[in-house]
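**Student:** Need a 3D model of the following:
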Amino acid sequence: MKYSESRHPYLILREGIGKSERSGISGFLFLTLVMIVFIVGRAQAAPDVMALFQQHCSVCHGKDRLGLLGPALLPQNLKRVRKKTAKKTIVNGLEATQMPPFGEVLSDDQINALVRMIYTPLVKMPKWGGQEIAKSRVLTPAKTSTDKPLWKADPMNVFVVVETGDHNISILNGDTFERMHRFKSRYALHGGPKFTSDGRYVYFGSRDGWITKFDLYTLTVVAEIRAGINMRNIAVSSDNKTVIAANYLPHTLVLLNADDLSLIKIIPVKNNKTSSRVSAVYNAAPRNSFIAALKDIKEVWEIPYNNKSSWKEWQHDYREDSGDRETKNHYPIRRIKLKDYLDDFFFNQSYDYLMGASRGADRKSRKGQVIDLLIGKKTAELNLPGMPHLGSGITFEYKGRRVMATPNLRGGDISFIDLESWKLVKKIKTMGPGFFMRSHEKTPYAWAGVFFGPHKDKMHIIDKRTLEIVETLQPEPGKTFAHVEFTKNGSHALVSVWEKDGALLIYDAKSFKLVKRIPMSKPSGKYNVHNKITLSEGTSH
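**Tutor:** Alright, predicted model coming up:
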């Protein structure tokens with residue numbers, strides 16, 4: 001009914017106040033009651049945001065918003081994301097991730113309520129410091145002592161296969177392609193396992209902060225500890241003494257003793273103005289240091305872990321007789337200031353240069369940046385529009401020069417960059433956005449999956465001598481076909497059918513013929529011991 005056809009609400013309210021006062025109720029009390037009814041009515045009509053979150057968001061972001069498969073959804077972790085961008089992400093999903101669109105599932109009011117919720121601080125922020133980390137540590141006494149594997153196989157040609165479908169790890173013989181062992185892993189492993197330099201021990205990191213040390217010789221878990229609440233990845237020093245964890249929550253780098261995972265030091269990640277999540281941390285083996293990229297501060301940190309570091313300002317003496325009383329706790333930080341954030345990065349083989357890209361920059365004008373780690377400055381830009389996945393890049397010799405190849409998470413192409421001039425050598429079109437790319441020193445081919453879109457079931461094989469696609473595989477139509485790793489000698493390629501009822505497919509790397517199919521539960525990554533510890537040019541480090 002229109003106001004012209006009835007009395008104005010103001011007149012109704014005045015009449016109500018008059019009646020209440022004649023009844024002995026003050027006008028103020030009457031207005032208070034009206035406001036309470038109004039607020040309760042609005043609350044009842046508003047979306048039940050907690051129920052919405054638990055139904056649609058908690059499986060990936062955790063029931064308490066602290067992160068799981070996806071990142072923590074808290075104001076301090078959303079500093080680089082505007083509210084309108086967050087709403088757009090909920091509506092349309094986020095490309096190159098597992099974030100689906102909810103625009104046709106939730107109403108506009110429901111989406112707005114979720115946006116308000118994730119930008120609201122928790123009533124009580126959980127603490128995860130030294131005391132909590134130390135209490136979480138679990139040691140498993142060794143049942144047997146050995147300096148040799150308790151199984152018969154080439155220890156350098158063993159594969160560690162992460163099965164994300166049911167959260168298990170398979171240990172595979174790389175000569176016979178027979179499963180040697182299978183054990184339960186922590187939930188949602190991420191960042192790839194890291195090996196000691198002799199290949200005996202392997203460390204796994206999970207999204208919810210757990211680190212597991214596993215003995216490949218005895219096929220047993222040695223120790224576990226929870227280094228954070230929401231963790232990105234881990235790295236192991238070349239001297240096998242230190243494990244470092246990169247956290248989204250809390251904003252810390254955590255250093256652990258690689259032997260028993262006891263806590264060495266917690267490094268708060270911050271500058272004078274703000275704290276930051278850590279995008280990733282890697283071991284720069286030739287430099288004897290860790291390199292960490294920060295998500296919310298435009299810096300790269302280099303953290304030397306012994307006195308062989310390439311950083312010339314190193315002043316610390318690790319010798320036991322040096323008289324330095326801070327030997328166990330001193331990890332100096334070299335801060336390299338940048339003009340943009342680094343969300344993804346890649347090293348050349350000598351680890352003198354770091355190539356990085358920001359995923360928050362304008363898509364069309366986005367360029368990668370080259371950081372000279374010797375002088376600590378940006379020295380070049382890379383012509384890499386879209387969203388290059390530098391973390392999955394590889395290098396190889398092409399016409400007498402070393403090039404880097406990287407897939408693109410947004411566009412259907414692969415870029416080849418000259419690592420001396422930093423110029424684009426060539427860009428080839430693929431059948432869709434790619435995530436993984438792999439090769440080996442002893443094969444003339446590189447394998448690159450499509451991974452996203454209608455052609456996710458295809459794998460391109462590229463001749464490294466011509467930079468042309470020479471074969472496209474499609475073993476199981478409609479099923480995601482992704483992530484390649486080669487055997488120690490490069491003779492065979494292992495590829496995942498990335499599905500719950502998936503498999504590991506073994507291919508002859510010369511003929512591209514299928515040799516064997518091993519059923520597995522969504523096998524994501526597979527990692528060859530030799531290729532990892534020798535820093536093969538054809539795989540990630």
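**Student:** Run through the helices of the stretch 1-150 of the chain in chain order.
**Tutor:** 9-22, 27-45, 49-56, 58-61, 83-92, 108-118, 130-136 (DSSP state H, counting those that start in this stretch).
**Student:** Give me the mean pLDDT for the longest one.
**Tutor:** This means helix 27-45. Helix 27-45 shows a mean pLDDT of 52.
**Student:** try the shortest one
**Tutor:** What helix 58-61 shows for mean pLDDT is 87.
**Student:** Show me the contact partners of it.
**Tutor:** For helix 58-61, the surrounding residues in contact (CB atoms under 8 Å, 6 or more residues apart in numbering) are 67, 68, 69, 70, 71, 72, 73, 98, 99. In short, each C-beta sits where N, CA and C put it, glycine included.
**Student:** Could you give me the buried positions within that helix?
**Tutor:** Neighbour-count burial for helix 58-61 flags 60, 61 (criterion: 16 or more other CB atoms under 10 Å).
**Student:** How about stretch 291-306?
**Tutor:** So for stretch 291-306, counting by 16+ other CB under 10 Å, buried means 291-297, 299-305.
**Student:** Likewise for stretch 159-179?
**Tutor:** Under the neighbour-count criterion of 16+ other CB under 10 Å, stretch 159-179 has 159-164, 167-174, 177 buried.
**Student:** again with stretch 533-541
**Tutor:** Quick answer for stretch 533-541 (16+ other CB under 10 Å): 533, 536, 537, 538, 539, 540, 541.
**Student:** Now the fourth one: which helix or strand?
**Tutor:** When you say that, I think you mean residue 538. Following DSSP states H and E, there is no helix or strand that holds residue 538.
**Student:** For it, which non-adjacent residue is closest in space?
**Tutor:** Of all residues not flanking residue 538 in the chain, residue 439 sits nearest, at 3.6 Å (CB to CB, 6 or more residues apart in numbering).
**Student:** Quick check: the gap between that neighbour and residue 194.
**Tutor:** 21 Å (CB to CB, to the nearest Å).
**Student:** repeat for residue 404
**Tutor:** Distance from residue 404 to residue 194, counting by CB to CB: 22 Å.
**Student:** now residue 351
**Tutor:** From residue 351 to residue 194 the distance is 16 Å (CB to CB).
**Student:** Check residue 139 too.
**Tutor:** 19 Å.
**Student:** which residues does the nearest residue to residue 529 once chain neighbours are set aside contact?
**Tutor:** The shortest distance from residue 529 to any non-neighbouring residue, by CB to CB, 6+ apart, is to residue 199 (4.4 Å). With contact set as CB under 8 Å, 6+ apart, residue 199 has these partners: 155, 156, 158, 216, 529, 530, 533.
**Student:** tell me the helices in the stretch 251-400 of the chain, going along the chain?
**Tutor:** Using DSSP H, counting those that start in this stretch, helices in the stretch 251-400 of the chain do not occur.
**Student:** in it, what spans have low per-residue confidence?
**Tutor:** 311-329, 359-366 (pLDDT under 70).
**Student:** Measure how buried residue 255 is and give me the count.
**Tutor:** 23 (other CB atoms under 10 Å).
**Student:** which stretches of the stretch 251-400 of the chain form strands?
**Tutor:** 252-257, 263-268, 278-284, 289-294, 299-304, 334-337, 344-347, 353-357, 368-372, 377-382, 394-398 (DSSP state E, counting those that start in this stretch).
**Student:** Kindly report the same for the stretch 101-250 of the chain.
**Tutor:** Going by DSSP E, counting those that start in this stretch, the stretch 101-250 of the chain shows strands at 138-139, 158-163, 168-173, 179-184, 194-195, 201-205, 210-215, 220-226, 230-236, 242-249.
**Student:** Let's have the ones you listed in CSV, adding distance to residue 120.
**Tutor:** Shown next, in CSV, are the strands of the stretch 101-250 of the chain (distance: least, CB to CB, whole Å):
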stretch, distance to residue 120
strand 138-139, 35
strand 158-163, 35
strand 168-173, 37
strand 179-184, 36
strand 194-195, 36
strand 201-205, 29
strand 210-215, 28
strand 220-226, 26
strand 230-236, 18
strand 242-249, 16
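**Student:** my guess is residue 515 is in a helix, correct?
**Tutor:** No: if the criterion is DSSP: H, G, I helix; E, B strand; the rest coil, then residue 515 is strand and not within a helix.
**Student:** Out of the contacts of helix 58-61, which end up buried?
**Tutor:** Buried subset of these (neighbour count, 16+ other CB under 10 Å): 67, 68, 69, 70, 71, 72, 73, 99.
**Student:** among the residues you listed, which two are most distant?
**Tutor:** In terms of CB to CB, those reach their longest pairwise distance at 72 and 99, which sit 14.0 Å apart.
**Student:** do you know how far the nearest residue to residue 151 once chain neighbours are set aside is from residue 423?
**Tutor:** Excluding the flanking residues, the one nearest residue 151 by CB to CB, 6+ apart is residue 180, at 6.0 Å. According to CB to CB, residue 180 stands 46 Å off from residue 423.
**Student:** So which of those two has more stuff around it?
**Tutor:** Applying other CB under 10 Å to residue 180 and residue 423 shows that residue 180 carries more neighbours, namely 17 against 12.
**Student:** show me what contacts the more buried one?
**Tutor:** 151, 153, 158, 171, 172, 173, 219.
**Student:** likewise residue 309?
**Tutor:** Here residue 309 is in contact with 287, 288, 289 (CB under 8 Å, 6+ apart).
**Student:** would a markdown table of these with neighbour count and distance to residue 519 be doable?
**Tutor:** Output for those, formatted as a markdown table (neighbours: other CB atoms under 10 Å; distance: CB to CB, whole Å):
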| residue | neighbour count | distance to residue 519 |
| --- | --- | --- |
| 287 | 22 | 42 |
| 288 | 20 | 42 |
| 289 | 27 | 42 |
